[in-house]
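Asker: Coordinates for the following, if possible.
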Amino acid sequence: MRVLTTLLITFIVSIGWAQTDFFTKLSESALSLTHNKVTYDPKYYSITYPNGDVPSDRGVCTDVVIRAYRKLGIDLQKEVHEDMKINFALYPKIWGLKTTDKNIDHRRVPNLMTFFERHNAKSSITRNANDYKPGDVVCWNLGGAITHIGIVVDQKSQDGKRNLIVHNIGGGQVIADCLFEYKIIGHYRYSK
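Answerer: Sure, this is the predicted structure:
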């Protein structure tokens with residue numbers, strides 16, 4: 001019985017380490033994106049499927065998240081598209097679509113929020129900076145119906161109180177101290 005208990009504890013601890021390692025890698029993946037010059041471009045593109053991407057020098061906030069996950073072997077284009085095909089009624093109808101569109105569905109913040117929530121990745125929204133860990137995905141409302149998304153990374157603000165965010169809000173894929181700058185409407189910790 002002791003051996004079985006020890007094996008079970010070792011297994012549980014190793015899963016926790018694997019998860020921590022994944023989120024550390026996601027943070028590093030997001031940080032690596034800041035080395036690429038990207039022009040903010042919300043234009044609709046026809047892209048390949050799966051593993052499609054807009055031109056590498058173009059993108060919006062969702063493309064930061066998509067590219068960071070893709071570097072770790074998770075294709076959110078495919079994941080979101082497949083989930084939407086089966087559960088279309090559960091996704092927002094903000095854009096008036098009657099069916100899925102593999103070119104754009106994964107590039108919309110409300111769709112990513114729905115996907116993360118459906119996959120039990122939802123975390124609490126708080127005003128405590130310590131609750132936002134490297135590798136977390138955060139969504140904001142910028143005002144009205146304008147939503148935004150970014151990834152928490154393992155670098156601190158100048159005062160050392162907050163982790164920084166990699167996002168694209170118009171100036172390309174950048175790192176910024178903006179965690180509490182806008183109203184947080186989503187907080188997720190998603191891995192596969």
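Asker: C-alpha from now on. contacts and neighbour counts both.
Answerer: OK.
Asker: Direction included, what does the biggest strand by length in the chain pair up with?
Answerer: In the chain, with assignment by DSSP state E, the single longest strand is strand 146-156. Strand 146-156 has the following sheet partners, assigned by DSSP bridges: strand 137-143 (antiparallel), strand 163-167 (antiparallel).
Asker: As JSON lines, those with distance to Val60 would be great.
Answerer: Putting those into JSON lines (distance: least, Cα to Cα, whole Å) gives the following:
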{"stretch": "strand 137-143", "distance to Val60": "13"}
{"stretch": "strand 163-167", "distance to Val60": "8"}
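Asker: Adding mean pLDDT, mean neighbour count and distance to Asn120, write those out as a markdown table.
Answerer: Below are the strands paired with strand 146-156 laid out as a markdown table (pLDDT from 0 to 100; neighbours: other Cα atoms under 10 Å; distance: least, Cα to Cα, whole Å):
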| stretch | mean pLDDT | mean neighbour count | distance to Asn120 |
| --- | --- | --- | --- |
| strand 137-143 | 97 | 19 | 13 |
| strand 163-167 | 98 | 27 | 22 |
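Asker: I'd like to know which of those strands is closest to Val152.
Answerer: strand 163-167 (4.6 Å; Cα to Cα).
Asker: and the helix or strand Tyr69 falls within, what's its mean pLDDT?
Answerer: Using DSSP states H and E, Tyr69 falls within helix 61-70. Averaging pLDDT along helix 61-70 yields 98.
Asker: Now do the helix or strand just after that helix against helix 61-70, angle only.
Answerer: Tracing the chain past helix 61-70, the next element assigned as helix or strand by DSSP H and E is helix 76-87. If you take axes from the mean of the first three to the mean of the last three Cα atoms, to 10 degrees, helix 76-87 sits at 100 degrees to helix 61-70.
Asker: excluding its backbone neighbours, what's nearest Gln173?
Answerer: Thr34 (5.0 Å; Cα to Cα, 6 or more residues apart in numbering).
Asker: Tell me how many other residues crowd the one you found.
Answerer: 17 (other Cα atoms under 10 Å).
Asker: can you pull the contacts of it?
Answerer: Going by Cα atoms under 8 Å, 6 or more residues apart in numbering, Thr34 touches Val166, Gln173, Val174, Ile175.
Asker: Can you tell me how far it is from Phe115?
Answerer: Distance, Thr34 to Phe115, using Cα to Cα, to the nearest Å: 25 Å.
Asker: ditto for Tyr132
Answerer: Distance from Tyr132 to Phe115, by Cα to Cα: 19 Å.
Asker: got it, and Leu31?
Answerer: 23 Å.
Asker: got it, and Pro55?
Answerer: 24 Å.
Asker: More neighbours: these two, which one.
Answerer: Each of Pro55 and Phe115 has its neighbours counted (other Cα under 10 Å); Phe115 has more, 23 against 11.
Asker: Now the phi/psi pair for the more buried one, please.
Answerer: In terms of degrees, to the nearest 10, the main-chain angles of Phe115 are phi -60, psi -50.
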